[in-house]
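Asker: dropping the sequence and predicted coords here.
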Amino acid sequence: MKDAPWIHLDHLDQLWFQVSGTLCNLTCHHCFISCHPKNDNFGFLSLEQVRRRLEESIALGVKEYYFTGGEPFLHREMVDILVETLSYGPATVLTNGTVLKDEWLERLAAAHRDSIYCLEFRVSIDGFTSEMNDPIRGEGTFDRAIGGVLKLVKFGFLPIITAARTWPEEEDAEVIGNFIAMLRSSGYQRPRLKILPTLHIGAEENRTHGYEESERITMAMMNEFDQSQLICHHSRIVTDRGVQVCPILIESPDSVLGATLEESCRPYQLKHGACFTCYQYGSICSNPSSSLWDPADHARMTEP
Amino acid sequence: MIPTYRRIACFGGLYSNYLALEAAVADASQRQVEATFCLGDMGAFGPHPDRVFLQLQEDNIQCIQGNYDHSIGNQLDDCQCGYTDQRDNYFSEISYRYTLENTSAKNRGFLRQLPSEWRVKLGDYRVLLCHGSPRRTNEFLWESTTSSHFLRSMAQQHEADIIVGTHSGIKWHRDLGNDQHFVNVGVLGRPENDGRKNVWYTLLSIDDNGETSVEFVPVNYDHERLAREMRAEQLPEEFVETTLTGWWSTCLEILPGKERVRGKF
């Protein structure tokens, strides 16, 4: 992939933290980094490690912060981390919703109320029935995740339910309709839903298939393409290995871009199959956002 | 030469609400305003899009090109509003088609030549007037999802002390310290999802001590007449209801949780 295009970081808008490494209480069959209860490929980030990067992010003008894992709420300091982050900027945490405790949510609701910034919860549920969700995420996880959603609603949050598209894309409208109806009948009256494409790496590669060699971004594809649709255009992720290019590619050695945020602000070559999915669907990791095609972007991608 | 003022009025998105524009112009004329600016998005949502232009030109309101104006002016396929949700896009397509069909060639020409930003001074303060953000016309800068250090970096990068924008539809102001401010002036086009029927514009002033102030001004107008005209033009009933109730029922998915939870839907 010598001719794969390079992308320059435009501005570090979103800073992610792989806060609970690859440790998860669930073993989802489509997980793109194969998290499970014994996966220690990536370790936890301590409150002190997170704090150091939050401090560094001020000078770089970071707009918002995201926390993912693994399951972030397996981290004993998670509530403290979120409370502290809300003094720096908006925070979003991606959770499977199965381990949330009332006392944590009570503290987080108070911090959210007292902050000018938003705390968003994204809860993964991969189907509108247990028959659809549980074969992917594990026995009983549908009911437990819905229980988590209702707890969040009770504490005044409007969680964004994220579902990986494990159905044919042409069935989207029907699935979304069923999802919304299920959430309302469960007691979540104002549901928010985000559908994500599956990424054919990690466990998902075994569940379905990997990427074909042809599924790569080429220079020609970047012509008049809105680069802000790619997360690496405006994001980086902190893991226990350093600062990496994006939450999806953390297992690829070439994704480690430096030890500090400053060092990580260098170009990256879009040579992975997952880059192709990000190209196709755009903004897959972010909460809703907007963008315009900037002709100046194109001139800069032929070399680092 | 950058013009210097002591008091200016800033109007956000008009969304074809010519009745609110009339009321805002009348209100601002009573408040010793030296210049009035409109930060773009003249069309969308409301009826009879051509009606706002006469008022803008008669009152010498200095306009910025919003994403909608760029689209209408250049007859593009969509409004570039930046929505990511199917339902939000469905409603934005209806209003875009209607607005494009009902904006004259002369007014499209007016929109096409508008600048993307204005720079003025308020006393010694350098003010940058833009639509969404200084770097991107259709960027949503919500109060709850925009860190102060991000705004300070924008101010530094774009050499401004006060950044003024609109686009998101809900007013807010943040004092960034070091004599820097960000102001979202709100919009005249539709109420701001709080159950009140009025809309808002913003006064920016500097006093004799060189202190700046930001005042959000509520604008009451004949919203029932606007609703009747929207119905007569067969615009979506969801838009009419927002005008009549002050609650948004479309363009909801783009709202952050903190702003969304304050609304009804």
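Answerer: That came through, no problem.
Asker: can you list the buried residues in the longest helix anywhere in chain B?
Answerer: The helix that spans the most residues within chain B, counting by DSSP state H, is helix B:86-101. In terms of neighbour count (16 or more other C-beta atoms under 10 Å in any protein chain shown), helix B:86-101 has its buried residues at B:88-89, B:91-92, B:94-96, B:98-100. Glycine gets a C-beta too; all of them are placed from N, C-alpha and C.
Asker: can you check stretch A:108-119 too?
Answerer: In stretch A:108-119, counting by 16+ other C-beta under 10 Å, buried: A:108-109, A:111-112, A:115-119.
Asker: what's the neighbour count on the residue in the stretch 1-150 of chain A positioned nearest to chain B?
Answerer: Distances between the stretch 1-150 of chain A and chain B by C-beta to the nearest C-beta are smallest at A:Gly61, namely 2.6 Å. Residues near A:Gly61, counting by other C-beta atoms under 10 Å in any protein chain shown, number 20.
Asker: quick revisit: helix or strand next in line after the longest helix of chain B, which one?
Answerer: helix B:105-112 (DSSP states H and E).
Asker: show me where the stretch 51-200 of chain B has its helices.
Answerer: Secondary structure of the stretch 51-200 of chain B (DSSP state H, counting those that start in this stretch): helices at B:51-58, B:67-73, B:86-101, B:105-112, B:148-157.
Asker: which of those comes out lowest on mean pLDDT?
Answerer: Per-segment mean pLDDT for the helices of the stretch 51-200 of chain B reaches its minimum on helix B:86-101, at a mean of 91.
Asker: who's A:Glu64 bridged to?
Answerer: A:Gln14 (DSSP bridges).
Asker: can you report phi and psi for whatever residue of the stretch 1-150 of chain B ends up closest to chain A?
Answerer: Scanning the stretch 1-150 of chain B for proximity to chain A using C-beta to the nearest C-beta identifies B:Gly82 as nearest, at 2.5 Å. Dihedral angles of B:Gly82 (phi, psi; degrees, to the nearest 10) stand at phi 90, psi 20.
Asker: point out the ones among the buried residues of stretch A:108-119 that are inside helices.
Answerer: Taking DSSP H, the ones among the buried residues of stretch A:108-119 that sit in helices are A:108-109, A:111-112.
Asker: which parts of stretch A:92-110 are buried?
Answerer: Neighbour-count burial for stretch A:92-110 [16+ other C-beta under 10 Å]: A:92-100, A:104-105, A:107-109.
Asker: would a markdown table of those residues with secondary structure be doable?
Answerer: Listed next are the buried residues of stretch A:92-110 as a markdown table, based on DSSP: H, G, I helix; E, B strand; the rest coil:
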| residue | secondary structure |
| --- | --- |
| A:Thr92 | strand |
| A:Val93 | strand |
| A:Leu94 | strand |
| A:Thr95 | strand |
| A:Asn96 | coil |
| A:Gly97 | coil |
| A:Thr98 | coil |
| A:Val99 | coil |
| A:Leu100 | coil |
| A:Trp104 | helix |
| A:Leu105 | helix |
| A:Arg107 | helix |
| A:Leu108 | helix |
| A:Ala109 | helix |
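Asker: quick check: residues of chain B near chain A?
Answerer: B:67, B:80-86, B:132, B:135-140, B:142-150, B:152-154, B:174, B:253-254, B:256-261, B:265 (C-beta under 8 Å from any C-beta of the partner chain).
Asker: residue ranges with poor pLDDT in the stretch 151-300 of chain A?
Answerer: A:283, A:288-300 (pLDDT under 70).
Asker: please redo it, this time with the cut-off set to 80
Answerer: In the predicted model, the stretch 151-300 of chain A carries pLDDT under 80 at residues A:203, A:283-284, A:286-300.
Asker: what are the ranges of the helices in it?
Answerer: A:172-186, A:203-207, A:261-264, A:273-281, A:295-299.
Asker: which of those helices sits closest to chain B?
Answerer: helix A:172-186 (7.7 Å).
Asker: quick one on the thing from earlier: distance to chain B added to the helices of the stretch 151-300 of chain A, as TSV?
Answerer: Shown next, in TSV, are the helices of the stretch 151-300 of chain A (distance: least, C-beta to the nearest C-beta, whole Å):
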stretch	distance to chain B
helix A:172-186	8
helix A:203-207	23
helix A:261-264	13
helix A:273-281	11
helix A:295-299	11
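Asker: TSV for those, including mean neighbour count and distance to B:Lys121?
Answerer: TSV is the format used below for these (neighbours: other C-beta atoms under 10 Å in any protein chain shown; distance: least, C-beta to C-beta, whole Å):
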stretch	mean neighbour count	distance to B:Lys121
helix A:172-186	15	50
helix A:203-207	16	56
helix A:261-264	17	34
helix A:273-281	20	43
helix A:295-299	11	28
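Asker: list only buried entries from the residues of chain B next to chain A.
Answerer: Judged by 16+ other C-beta under 10 Å, buried ones among the residues of chain B next to chain A: B:67, B:80-85, B:132, B:136-140, B:142-150, B:152-154, B:174, B:253-254, B:256-260.
Asker: please enumerate the strands of the stretch 1-150 of chain A.
Answerer: Assigned by DSSP state E, counting those that start in this stretch, the strands in the stretch 1-150 of chain A fall at A:6-7, A:14-18, A:64-68, A:91-95, A:119-124.
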